[in-house]
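Visitor: Sequence and predicted structure below; questions after.
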Amino acid sequence: MAAPFDLNDDSVIVVIGTGAGGGVLSNELAQRGVSVVALEAGGRYLPEDYVNDEWESFGQLAWLDARTTSGDWRVAKDFSGLPAWIVKAVGGTTTHWAGASLRFQDHEWKAKTNYGPVQGANLLDWPIDGAEMAPWYDLAEKKLGVTRTNGIPGLPGCNNYKVFEAGAKALGYEEVHTGRMAINSEENDGRSACQQTGFCFQGCKWGAKWSAAYTDIPRGEATGNLEVRAKAHVQRIEHGADGRVNAVIYVDENGVEHKQMARAVCVAGNSFESPRLLLNSATSMYPDGLANSSGQVGRNYMRHLTGSVYGVFDKPVKMWRGTTMAGIMQDEARLDPSRGFVGGYELETLSLGLPFMAAFLDPGGWGREFTTALDSYENMAGMWIVGEDMPQETNRVTLNHDVKDQFGMPVANVHYSDHPNDRAMRDHAYKQGMAIYDAVGATRSFPTPPYPSTHNLGTNRMSENPRDGVVNRNGRTHDIENLFISDGSQFTTGAAENPTLTIVALAIRQAEHIAGELSRGAL
Amino acid sequence: MTDVKTRKGLTRRELLSRAVAAGATFVVGAGYVASTDAAWALETTAIKPETMATLIQMARDIYPHDHVADEYYAIAVKGYDSAEAAPAVEVGIAALNAAAMGKGYADYLSIGWERDRVDILRSLEDSAFFQQVRGGLVTGLYNQKAVWPLFGYEGESFSKGGYIDRGFDDINWL
């Protein structure tokens, strides 16, 4: 039973966004008896609504509102209006994510200390560490039903994984397995086991993959403490003369503007929309945007390298059959500067259907070099590179005042240029990825350039010192005590691991913090 | 196929009696383009049939797949046969023909070797027209469900229960 809260009810916590951060936070707060209004820009889609057709699904789920790009990344040339492939829907990008659920390695929480000075990088240690996060990771893994944790068996390996595993093991890699996945290998939590259907990116029609859309959201609503307003597009956050935020302005699906009063506001709109919202909420009291006394709002944008390697063989692979991200090689995730870079990377299998392979294999490519690759689509295997890219102050989300969205608000411009460490790591990963396929007889392989980003991190980063970042160890903004950041934008550094499990763990932890503050009368 | 089909009055004999051959591949008549074996024909309304024939060849030269028949390329570009798109297409194809003539050919379609046509396309690669046609083909060609089986791609599998019992791990050559 969804709880209808009044627009003038200033006792509610308003959460903006319902993905891995906002969706989980909303439910966790509701479970603790806190009244929550969650504002979601997208619509509500459930497994029966998902479409197993790449372009049609993209039109249904992807965030397609205007954005602009700059910098030397190829995405700015190939997909200038689409810097990210993320979702606009209740449940956010947990609809689209592949399910890889990895904990940070301990050393990654303290990148500045452990990597040493890296010229041009704005490295910083997280104010929290692996020991402090361990119990929250435990809760996150239980919530998501992660395979290879809590006695849950790993998923079986599909063809794409078998090629990858054979090649990786032939090279001597040892940490090669079908991953820690938030995809059921057996029935769990009232949800089906994986049927190896493919199309994990288009929303799991079996519900075998964890998504906030059909777990945390309805469970939060069932408490009576959570009201999710879909197609509620937030424009700005307002504050009072005391500097505390007190309301959120949004436009509903009929174009009508509303003002929801709030006791506190938690921003979880992904690493583009969250800083954009803070910047678009500038006032005479906060002329540089909310919570931006450090000047760090929007800065230090990170995206996890995201190159790919595809290999072609002389016999069929049929990589599209089965789990999209079906396995992982973790040996290169270690810290080993002798490779010529700091940080590490994971290699994870990936498959695309023919339509998206044509769009992403070599964007802009044409002629026989391109088409002979697609001619071998059936014989192709694929993997994705997830590596820690360096935070740089100049890689940032800013407002583009020349381009307005459908509501007349300046859109986000996303500027990104590779750091030399990023290039060195990606080149290493390309080389190792191609070697993996060569080891099992690839006749040709392709170092495919980065796609529009799905792992968008770091634009409201967590810092011990208010001078260095936007939020403190609890995701609370340094400047405004009842304003929180609850998504991947609070990442101080990116680590080598897919970010969702950490976003979920931080959201559970933040819910506990906020509920505690409320019960102490401190919020 | 909705728009590209063999129509009455477009038999091989009728086509050849009314049409002129454009290059080696197409038959161009009044208001239509057809394959020389009359396996398919595409009526045009806003752009000249010769322009459509050249556009289809251009599409194949951009994304050449020898096992994909012309009709799929024709389907991919038939959207340019509209009142809004026609002026730019006529100008773009005229530029293509002008570039061909600059190299001593009668027009683009009369160039026999793909590599010589591709040289022309390379010289126009940065033009808005080329990029529009190329970009449109990415979805226009590869998102045709009828094309997918030609590449072995099986599309959705949910309606068949996924691949859990249908070969998700059937690789046998490793």
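Guide: In hand now; what should we look at?

Visitor: Isn't residue A:438 up against residue A:445?
Guide: Yes: Residue A:438 is within contact range of residue A:445, at 6.9 Å (criterion: Cβ atoms under 8 Å). In this view, the C-beta of every residue, glycine as well, is placed from N, C-alpha and C.

Visitor: Mind listing the shared neighbours of these two?
Guide: residue A:311 (Cβ atoms under 8 Å, 6 or more residues apart in numbering or on different chains).

Visitor: So which of the two has more stuff around it?
Guide: residue A:445 (21 against 16; other Cβ atoms under 10 Å in any protein chain shown).

Visitor: Enumerate every residue touching the more buried one.
Guide: Residue A:445 makes contact with A:309-312, A:433-434, A:437-438, according to Cβ under 8 Å, 6+ apart.

Visitor: residues in chain B within reach of chain A, list them.
Guide: B:62-65, B:67, B:118, B:134, B:138-139, B:141-143, B:147-148, B:151-158, B:161-164, B:166-171, B:173-174 (Cβ under 8 Å from any Cβ of the partner chain).

Visitor: Am I right that residue A:523 is in a helix?
Guide: No: according to DSSP: H, G, I helix; E, B strand; the rest coil, residue A:523 belongs to no helix; its state is coil.

Visitor: Please work out how many residues are found near it.
Guide: Residue A:523 has 19 neighbours, counted by other Cβ under 10 Å.

Visitor: which residue packs closest to it, ignoring adjacent ones?
Guide: Excluding the flanking residues, the one nearest residue A:523 by Cβ to Cβ, 6 or more residues apart in numbering or on different chains is residue A:517, at 4.1 Å.

Visitor: If you count contacts, what does whichever strand or helix holds that neighbour end up packed against?
Guide: Applying DSSP states H and E as the criterion places residue A:517 in helix A:500-519. Here helix A:500-519 touches helix A:22-31, helix A:130-144, strand A:264-267, going by 3 or more Cβ pairs under 8 Å, 6 or more residues apart in numbering or on different chains; DSSP states H and E.

Visitor: want to throw these into JSON lines with mean neighbour count and distance to chain B?
Guide: As requested, the helices and strands packed on helix A:500-519 are exported to JSON lines (neighbours: other Cβ atoms under 10 Å in any protein chain shown; distance: least, Cβ to the nearest Cβ, whole Å):
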{"stretch": "helix A:22-31", "mean neighbour count": "30", "distance to chain B": "24"}
{"stretch": "helix A:130-144", "mean neighbour count": "18", "distance to chain B": "21"}
{"stretch": "strand A:264-267", "mean neighbour count": "29", "distance to chain B": "35"}
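
Visitor: Export these to JSON lines and append columns for distance to residue A:420 and mean pLDDT.
Guide: Output for the helices and strands packed on helix A:500-519, formatted as JSON lines (distance: least, Cβ to Cβ, whole Å; pLDDT from 0 to 100):
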{"stretch": "helix A:22-31", "distance to residue A:420": "35", "mean pLDDT": "98"}
{"stretch": "helix A:130-144", "distance to residue A:420": "28", "mean pLDDT": "98"}
{"stretch": "strand A:264-267", "distance to residue A:420": "32", "mean pLDDT": "98"}
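
Visitor: The closest residue in space to residue A:481 that isn't next to it in sequence: what's it in contact with?
Guide: Nearest in space to residue A:481, with sequence neighbours left out and distances taken as Cβ to Cβ, 6+ apart, is residue A:244 at 6.7 Å. Residue A:244 makes contact with A:480-483, according to Cβ under 8 Å, 6+ apart.

Visitor: where in the chain is pLDDT low?
Guide: Just going to use chain A. Applying pLDDT under 70 to chain A flags the ranges A:1-3.

Visitor: wrong one, I was asking about chain B
Guide: By pLDDT under 70, the low-scoring segments of chain B are B:1-24.

Visitor: Would you map the strands across it?
Guide: Taking DSSP state E, the strands of chain B run over residues B:20-22, B:26-29, B:32-35, B:41-43.

Visitor: Tabulate these (a markdown table), appending mean neighbour count.
Guide: Output for those, formatted as a markdown table (neighbours: other Cβ atoms under 10 Å in any protein chain shown):
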| stretch | mean neighbour count |
| --- | --- |
| strand B:20-22 | 15 |
| strand B:26-29 | 23 |
| strand B:32-35 | 25 |
| strand B:41-43 | 22 |
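
Visitor: want to try JSON lines for the ones you listed, with distance to residue B:125 as columns?
Guide: Output for those, formatted as JSON lines (distance: least, Cβ to Cβ, whole Å):
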{"stretch": "strand B:20-22", "distance to residue B:125": "24"}
{"stretch": "strand B:26-29", "distance to residue B:125": "24"}
{"stretch": "strand B:32-35", "distance to residue B:125": "25"}
{"stretch": "strand B:41-43", "distance to residue B:125": "26"}
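
Visitor: helix, strand or coil for the residue in the stretch 1-150 of chain A positioned nearest to chain B?
Guide: Going by Cβ to the nearest Cβ, chain B is nearest to residue A:52 of the stretch 1-150 of chain A, at 3.6 Å. Following three-state DSSP, we place residue A:52 in the coil state.

Visitor: so what's it closest to, chain neighbours aside?
Guide: Leaving aside its sequence neighbours, residue A:52 sits nearest to residue B:156 (Cβ to Cβ, 6+ apart; 3.6 Å).

Visitor: Same check on residue A:25?
Guide: residue A:507 (4.3 Å).

Visitor: Pull the contacting residues for the one you found.
Guide: By Cβ under 8 Å, 6+ apart, the residues touching residue A:507 are A:20-22, A:24-25, A:28, A:268, A:486.

Visitor: try 10 Å
Guide: Neighbouring residues of residue A:507 by Cβ atoms under 10 Å, 6 or more residues apart in numbering or on different chains: A:15, A:19-29, A:136, A:140, A:143, A:212, A:216, A:266, A:268, A:475, A:486-487.

Visitor: How much space separates it from residue A:273?
Guide: With distances taken as Cβ to Cβ, to the nearest Å, residue A:507 is found 17 Å from residue A:273.

Visitor: Spell out which helix or strand contains residue A:445, please.
Guide: Going by DSSP H and E, residue A:445 is in strand A:444-448.
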